[in-house]
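In: Sequence and computational prediction follow.
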Amino acid sequence: MTKKIAVLPGDGIGPDIIAEAVKVLKKVEQKFGTSYQFDEYPVGGCAIDQTGEPLPADTLNACLASDAVLLGAVGGFKWDNLPGNKRPEAALLGLRKELGLYANLRPAIVYPSLVGASTLKEEVVSGVDLLVVRELTGGIYFGEHKRTTTEDGTEKAIDVLEYTRPEIERIVRLAFELAMKRRKKVTSVDKANIIETSRLWREVVAEVRKDFPEVEVDQQYVDNCAMQLVRNPKQFDVIVTENMFGDILSDEAAMLTGSIGMLASASIGAGNNAMYEPIHGSAPDIAGMNIANPIATILSAAMMLRFSFNQVKEADAIETAVAAVLEKGLRTGDLAVKGQPTLSTTEMGAAIIEELDRM
Ligand SMILES: NC(=O)C1=CN([C@@H]2O[C@H](COP(=O)(O)OP(=O)(O)OC[C@H]3O[C@@H](n4cnc5c(N)ncnc54)[C@H](O)[C@@H]3O)[C@@H](O)[C@H]2O)C=CC1
Ligand SMILES: CC(C)CC(=O)C(=O)O
Ligand SMILES: [Mg+2]
């Protein structure tokens, strides 16, 4: 049956990397006889320019009616001075909330051929295979944000960080379930020495872990975890954490793999809705230059096939093709070491498609 994919290229490098992912999916259709319907909708800054809204109702409704959403990235200098709820980034929060996508899975896997691409020593990063499970619809990103003044007229800003017990429990439980299919270790990351939501988080972890006696549990404060990620990343299997900590730690984890342009993600929830997107942003500094790494988006498309469509061999094929081009030494600029030739965005996409063709 044809799978309906809502394609949201967004801003900056978004359209370029999405174009390559869509070409890869078209090759998968050809090779494996699967069928996808690609329907493109505006989101973020380009949607503001077209309709005045970062998340137009037509875009949201199409995403709700789709089998999966494939998103590039949103944001850019042009829209940076808009009020918070009118910025391109508000579209992402809206999509996550409206689609009920409370879990964001961000795997950081170091490809053997890329150990030299990391800014860290080879012996530190070689063999890293970790999964950040980030809470995605709660926490400070979704709390009240406001400006006010104190009694003496001093300007003040407030951002509210809230979590309910059920919000924490469902993400922590998912992390344990995922760990059971991996190396059976969960590192829960919080700031329970200071903040109350983290103390509630720890209580929930203490409860949930009773249902998973085989899983080893480590609890780290977020500042320590940030340090441990570069000191000894191989200690991690599944990292579970709240929204903002997960956002920050996953960008850090990306650099273990060589580039933020390598990290794919799946955002899932209780229902059938799901969204797939690279973890990076719209990279306005390299937009329009045809040099962005499309691999994170192509791997996000593979996650879509695996998780939303249960097309496992097709997802495997994409991942194998990516590994093969890297093995051959093909690199976009973000991955290349000094003296290595580099491929453009479209050349990297074409190399992956060529590899798929050869299978
Ligand atoms: N999911 C999304 O749509 C996200 C959007 N943003 C937005 O993106 C804009 C830029 O934010 P930044 O903080 O600069 O983060 P960013 O992730 O867009 O870029 C950070 C750095 O990484 C590089 N980079 C990112 N993706 C790359 C790729 N595929 N290939 C090669 N290099 C890559 C960029 O050139 C830049 O130097 C902002 O408007 C921000 O709000 C930021 C993060 C996530
Ligand atoms: C709303 C986004 C810009 C937050 C972010 O950086 C992300 O989801 O990775
Ligand atoms: Mg981020």
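Out: Alright, I've got the coordinates. Numbering: from 1, shown residues only. Ligands and ions are numbered 1, 2, ... in the order given.
In: Quick check: mean pLDDT of the strand or helix carrying Glu29?
Out: Using DSSP states H and E, Glu29 sits within helix 14-32. The pLDDT scores in helix 14-32 average 98.
In: elements contacting the next helix or strand after it?
Out: Where DSSP H and E defines the elements, the next helix or strand beyond helix 14-32 is strand 36-40. Here strand 36-40 touches strand 3-10, helix 14-32, going by 3 or more Cβ pairs under 8 Å, 6 or more residues apart in numbering; DSSP states H and E. Backbone N, C-alpha and C define where each C-beta goes, glycine included.
In: quick check, distance from strand 36-40 to the centre of its chain.
Out: 21 Å (Cα atoms, centre = their mean, to the nearest Å).
In: repeat for stretch 61-71
Out: Distance, stretch centre to chain centre, for stretch 61-71: 17 Å (Cα atoms, centre = their mean).
In: Now it - C-alpha only, PDB.
Out: Provided in PDB are the C-alpha atoms of stretch 61-71 (Å, rounded to 0.1, in the frame of the first residue of the first chain):
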ATOM      1  CA  ASN A  61      -3.700  18.800   8.900                       C
ATOM      2  CA  ALA A  62      -1.700  17.200   6.200                       C
ATOM      3  CA  CYS A  63       0.800  15.900   8.800                       C
ATOM      4  CA  LEU A  64      -2.000  14.600  11.000                       C
ATOM      5  CA  ALA A  65      -3.400  12.700   7.900                       C
ATOM      6  CA  SER A  66      -0.100  11.400   6.700                       C
ATOM      7  CA  ASP A  67       1.600   8.000   7.500                       C
ATOM      8  CA  ALA A  68       4.800   9.900   8.500                       C
ATOM      9  CA  VAL A  69       6.300  13.400   8.400                       C
ATOM     10  CA  LEU A  70       9.800  14.000   6.900                       C
ATOM     11  CA  LEU A  71      11.200  17.400   8.000                       C
END
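In: follow-up on the earlier one: any idea which of the helices and strands packed on strand 36-40 is most buried?
Out: strand 3-10 (a mean of 24; mean count of other Cβ atoms under 10 Å).
In: ok so, going back, Glu203 is nearest to which of the helices and strands packed on strand 36-40?
Out: Comparison of those against Glu203 by Cβ to Cβ identifies strand 3-10 as nearest, at 37.4 Å.
In: hmm, the closest one in reach of ligand 2?
Out: No: using Cβ under 6 Å from any ligand atom, strand 3-10 stays clear of ligand 2, coming no nearer than 10.8 Å.
In: next one: stretch 192-199 to chain centre, how far?
Out: Averaging C-alpha positions (Cα atoms, centre = their mean) puts stretch 192-199 25 Å from its chain's average.
In: CSV please, covering the helices and strands packed on strand 36-40 and showing distance to ligand 1.
Out: Below are those laid out as CSV (distance: least, Cβ to the nearest ligand atom, whole Å):
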stretch, distance to ligand 1
strand 3-10, 6
helix 14-32, 6
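In: I'd like the ones you listed written out as CSV, with distance to Ala301 added.
Out: Listed next are the helices and strands packed on strand 36-40 as CSV, based on distance: least, Cβ to Cβ, whole Å:
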stretch, distance to Ala301
strand 3-10, 9
helix 14-32, 4
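In: what about the strands in the stretch 251-359 of the chain?
Out: Remark: strands assigned in the stretch 251-359 of the chain by DSSP state E, counting those that start in this stretch are 266-268, 274-276.
In: what's next to the first one, contact-wise?
Out: Residues from elsewhere that reach strand 266-268, judged by Cβ atoms under 8 Å, 6 or more residues apart in numbering: 96, 99, 101, 103-105, 136, 274-277, 300, 303-304, 307.
In: Keep only those of these that are also close to ligand 1.
Out: Glu277.
In: With respect to burial, which of the strands of the stretch 251-359 of the chain scores highest?
Out: The most buried stretch of the strands of the stretch 251-359 of the chain, if neighbours are counted by mean count of other Cβ under 10 Å, is strand 274-276, with a mean of 26.
In: three-state assignment of the residue nearest to Pro56 when sequence neighbours are not counted?
Out: If the residues on either side of it in the chain are set aside, Pro56 comes closest to Ala47, at 5.4 Å by Cβ to Cβ, 6 or more residues apart in numbering. Under DSSP: H, G, I helix; E, B strand; the rest coil, Ala47 falls in the helix class.
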